[in-house]
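K.L.:
below is the sequence, then the predicted model.
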Amino acid sequence: MISANAQRANIDAAVAFIDRTGTGGDPIVSTAFFENPLSELDVALADSGSATYTPGNSIDLVKPPPPGSHSHPVLRLGIPPLAEEFRFLAEPKPQPVFFGLPLTPPGTVATQAVALAHHGTVFLVSPYANISAVLKYSPNSGTSVFVRALPRRFHLVQQITYPSFSDAGIGWSVYVFRDS
């Protein structure tokens, strides 16, 4: 049996945490290790068995979740919107595109997340276990720009990390930002 520090991060537990602690419609901002076209979070939300996945971003947000729905709009940070990636896969001879697709600027993602946060909560799902270190040592990263673009009334109130590959510092963290 593989030891705990050699197993993949439990993104499914991160999704379960969001479903337990969130309210329907709370936006999820997603960064990813890998994507093309689906990220780890996209797959985990689809596998969760509940209707939790609504594509986000201005290009993807074709229809908002219906009132009373428990689905969470997903905004992709630092990766192209799903609609952009799927456009190439829907052609007669589908080809995945790995480079050159437009990214939604992190400040715009923050604005969209706040606009969607009708209950005052924004979730950030990230492979970074220490948001303070990211803000300090990578101030121009998409994650740093996103966090700094949130209005001052949004505060980090909770963080939970699901580690794995612990020697490499890889895992999934869920950051909960709330409007005060």
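P.N.:
Noted; the coordinates are in hand.

K.L.:
got the contact list for residue 142?
P.N.:
Residue 142 is in contact with 31, 77, 78, 103, 106, counting by C-beta atoms under 8 Å, 6 or more residues apart in numbering. Backbone N, C-alpha and C define where each C-beta goes, glycine included.

K.L.:
quick one, phi psi at it?
P.N.:
phi -60, psi -40 (degrees, to the nearest 10).

K.L.:
would you mind measuring from it to residue 15?
P.N.:
Distance of residue 142 to residue 15, given as C-beta to C-beta, to the nearest Å: 21 Å.

K.L.:
which of the three states applies to residue 119?
P.N.:
With DSSP: H, G, I helix; E, B strand; the rest coil as the basis, residue 119 sits in coil.

K.L.:
my guess is it contacts residue 25. True?
P.N.:
Yes. Using C-beta atoms under 8 Å, residue 119 is in contact with residue 25, at 6.6 Å.

K.L.:
what about dumping the CA coordinates of stretch 99-110 to CSV?
P.N.:
Output of stretch 99-110 as CSV, limited to C-alpha atoms (Å, rounded to 0.1, in the frame of the first residue of the first chain):
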residue,chain,number,x,y,z
PHE,A,99,-1.3,27.3,-25.9
GLY,A,100,-2.5,30.7,-26.9
LEU,A,101,-6.1,30.7,-25.6
PRO,A,102,-7.2,33.9,-23.8
LEU,A,103,-7.2,34.0,-20.0
THR,A,104,-9.6,36.0,-18.0
PRO,A,105,-7.5,38.6,-16.1
PRO,A,106,-7.3,37.8,-12.3
GLY,A,107,-8.8,41.2,-11.4
THR,A,108,-11.8,40.4,-13.6
VAL,A,109,-12.2,37.0,-12.1
ALA,A,110,-12.3,38.7,-8.6
